[in-house]
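[1] dropping a prediction and its sequence here:
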Amino acid sequence: MGNLLKVLTYNELDQGPNFFLDFENAQPTEAETAVWNQVNAVLEEAQTILAELQSYTGAGQEIREAIQNPGDLRLQERAWSAVCPLVAKLKRFYEFSLRLENALRSLLEALTSPPYAPTQHLEREQALAKQFAEILHFTLSFDELKMTNPAIQNDFSYYRRTISRNRINNLQLDAESEVNNEMANRMSLFYAEATPMLKTLSNATTKFVSE
């Protein structure tokens, strides 16, 4: 992947490769179609993910009122009702990162397979190279939105605290069936990263290279 990035980001001052990339008109060849279709489905979903993240406002007001009035059952229920659909949305974002990881792997396999060098692959398979660039663009856009929205961490932290408190009191909440403890742990690790999508793709690339 490092070689691919060097090829895609070199400038005229670098002693980089000399070839033409026509991303605007790139169309998949017959040999590219299977991988292109798989990745395209993920990239189409990526636009929905970005739109949902951009409109994510959080449940800050409801959470503050619930914390400030721990004995008010109505406010506790109101905060919980506000947080649960947001956590379901955060789960969708996390699950999408796994699909994006698989899409990246398919592209890496296609764009690094012998006997061709990365520059040759980029010349021969420009539609896939364009998708590779689009994945990187989505990753940076997602992480920028996440970094500037503290409500994501706050909502999920409140959700986990509420789940833990009710487990101690031997109460079962309906939301646990959608985001069980194992899933919640994985989501916590994901959202704890400053740039979770980039971290996911970086880990996937490291794993790909080491195999």
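    Cool, got the structure. Numbers count the residues shown, from 1 in each chain.
[2] now Pro115, what's its secondary structure?
    What DSSP: H, G, I helix; E, B strand; the rest coil gives for Pro115 is coil.
[3] so who does the closest residue to Gln76 other than its chain neighbours touch?
    Once flanking residues are discounted, Gln76 sits nearest to Ala66: 5.2 Å by C-beta to C-beta, 6 or more residues apart in numbering. Yep, even glycine has a C-beta here, placed from its N, CA and C like the rest. By C-beta atoms under 8 Å, 6 or more residues apart in numbering, the contact list for Ala66 reads Asp72, Leu75, Gln76, Arg78, Ala79, Trp80.
[4] how near is the most centrally placed residue in the chain to Phe142?
    Residue closest to the mean C-alpha point of the chain, counted by C-alpha atoms, centre = their mean, is Ser97 at 3.7 Å. Using C-beta to C-beta, to the nearest Å, Ser97 is found at 9 Å from Phe142.
[5] overlap in contacts, the two.
    Common neighbours of Ser97 and Phe142 (C-beta under 8 Å, 6+ apart) are Pro196, Met197.
[6] list phi and psi for the residue nearest to Gln76.
    As for Ala66, its main-chain torsions (degrees, to the nearest 10) stand at phi -70, psi -40.
[7] distance of it relative to Leu189?
    In terms of C-beta to C-beta, Ala66 sits 26 Å off from Leu189.
[8] what ranges do the helices span in the protein?
    2-9, 33-54, 60-68, 73-112, 118-124, 126-147, 151-168, 181-192, 196-210 (DSSP state H).
[9] any idea which of the ones you listed scores lowest on pLDDT?
    Of all the helices of the chain, the minimum mean pLDDT falls on helix 2-9 (a mean of 46).
[10] which ones are touching the closest residue to the residue nearest to the centre of the chain other than its chain neighbours?
    Residue nearest to Ser97 in three dimensions, not counting chain neighbours: Thr200, with 4.8 Å by C-beta to C-beta, 6+ apart. By C-beta under 8 Å, 6+ apart, Thr200 lies in contact with Ser97, Leu98, Leu100, Glu101, Phe190.
[11] now swap in Arg124 and tell me
    Tyr116.
[12] try 10 Å this time
    Thr29, Ala31, Glu32, Leu111, Tyr116 (C-beta atoms under 10 Å, 6 or more residues apart in numbering).
[13] re earlier: mind putting the helices of the chain in JSON lines, distance to Glu24 included?
    Shown next, in JSON lines, are the helices of the chain (distance: least, C-beta to C-beta, whole Å):
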{"stretch": "helix 2-9", "distance to Glu24": "15"}
{"stretch": "helix 33-54", "distance to Glu24": "16"}
{"stretch": "helix 60-68", "distance to Glu24": "42"}
{"stretch": "helix 73-112", "distance to Glu24": "19"}
{"stretch": "helix 118-124", "distance to Glu24": "15"}
{"stretch": "helix 126-147", "distance to Glu24": "9"}
{"stretch": "helix 151-168", "distance to Glu24": "34"}
{"stretch": "helix 181-192", "distance to Glu24": "34"}
{"stretch": "helix 196-210", "distance to Glu24": "24"}
